[in-house]
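Trainee: Whatever this is, show me its structure:
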Amino acid sequence: MPTNEQAPVPVIDTSVASVARVYDALLGGKDNYEVDRVVYRSVLEASPEAPRTATAIRQWLVRVVRWLAGPAGMDQFLDLGSGLPTVENTHEVAQRVNPDARVVYVDNDPVVSAHGRALLEENDRTHFVEMDLTEPERVLAHPAVTENLDLERPFVLMQCNTLHHLMDDENPYQIMKTYVDALPSGSYAALCHFWDPAEENAEFSAFARDMEQRLTGSTMGSGRFRTRQEIRSYLDGLELVEPGLVMLHEWWPEGPRLEPLTNMDQVFLSGVAQKP
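Mentor: Modelled structure (predicted):
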């Protein structure tokens, strides 16, 4: 049985929307409350097909982890802001490719914590720690991380749908830089982030700004759409893997696109980069 950090019974604030629970609603889950569904409905008002984008994010994660655990030869994953368990979680994808792959999830949402611990009870190569990813030094020093991942050799840092929920005054660049600085040579970082294509497409830039106002003005209070340059800066010191920093569907798709892109599809950037 994994040595996951023991935690008290979670206290859930149902007066404030949770990032993890709003994504759960978008994916058709049931682990959300009315306060989360208010945000969900606001997103649907602007982009009725947004649940398809939530699914596309999960599909992107599957392709990325499968490549990292396979051709890239990675067997250690630190998944930050992992969210509520759903189908095809990081450990399931990685361990299907490499049964010896080890995964540590980090999230500070109490509902995620409860579900994560239950999910992982029978998996001794997968662990969960309830911590805030905005404290990288503490995360990287936590026993649940250091006892289950060898941080002296290459590992994968997963930042899927996380940094855009840090507002500018939280200094997400410095937070990410601390994680990147801690990566040994040969490690990878995987990232997807809300994008404001201001310099490339005025129509979708206007959509991004409207969606940002809906999210930051809600009780969730976060959802920052940043420029390509700002998103690329999170991977400073790393070398992008082809095809670079691209929209979700452009990162090594498994076949031709069968449905038109949604508005939300047009305002996401994703990429994988390696530390030299």
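Trainee: hey, let's count contacts and neighbours off CA atoms from now on
Mentor: Noted.
Trainee: Mind listing what's buried along the helix or strand hosting Thr55?
Mentor: Assigned by DSSP states H and E, Thr55 belongs to helix 50-69. Within helix 50-69, the residues scored as buried using 16 or more other CA atoms under 10 Å are 50-54, 57-69.
Trainee: in the stretch 51-200 of the chain, which spans are strands?
Mentor: Assigned by DSSP state E, counting those that start in this stretch, the stretch 51-200 of the chain shows strands spanning 76-80, 102-107, 126-130, 156-160, 188-194.
Trainee: least reliable of the ones you listed going by mean pLDDT?
Mentor: When these are compared by mean pLDDT, strand 126-130 comes last with a mean of 90.
Trainee: Show me what that strand is packed against.
Mentor: Packed against strand 126-130, as judged by 3 or more CA pairs under 8 Å, 6 or more residues apart in numbering; DSSP states H and E, are the following elements: strand 102-107, helix 110-119, helix 143-146.
Trainee: most tightly surrounded among these?
Mentor: Highest mean neighbour count of the helices and strands packed on strand 126-130: strand 102-107, a mean of 24 (counted as mean count of other CA atoms under 10 Å).
Trainee: Touching that strand from outside, list them.
Mentor: Contacts to strand 102-107, defined as CA atoms under 8 Å, 6 or more residues apart in numbering, come from residues 75-83, 90-91, 95, 113, 125-133, 144-145, 148-149.
Trainee: Can you turn the buried part of the residues you listed into a ChimeraX selection?
Mentor: In ChimeraX, this line selects whichever of these come out buried by 16+ other CA under 10 Å:
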select :75,76,77,78,79,80,81,82,83,90,91,95,113,125,126,127,128,129,130,131,133,144,145,148,149
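Trainee: can the strands of the stretch 51-200 of the chain go into JSON lines with extra columns for distance to Thr227?
Mentor: JSON lines is the format used below for the strands of the stretch 51-200 of the chain (distance: least, CA to CA, whole Å):
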{"stretch": "strand 76-80", "distance to Thr227": "22"}
{"stretch": "strand 102-107", "distance to Thr227": "26"}
{"stretch": "strand 126-130", "distance to Thr227": "30"}
{"stretch": "strand 156-160", "distance to Thr227": "17"}
{"stretch": "strand 188-194", "distance to Thr227": "9"}
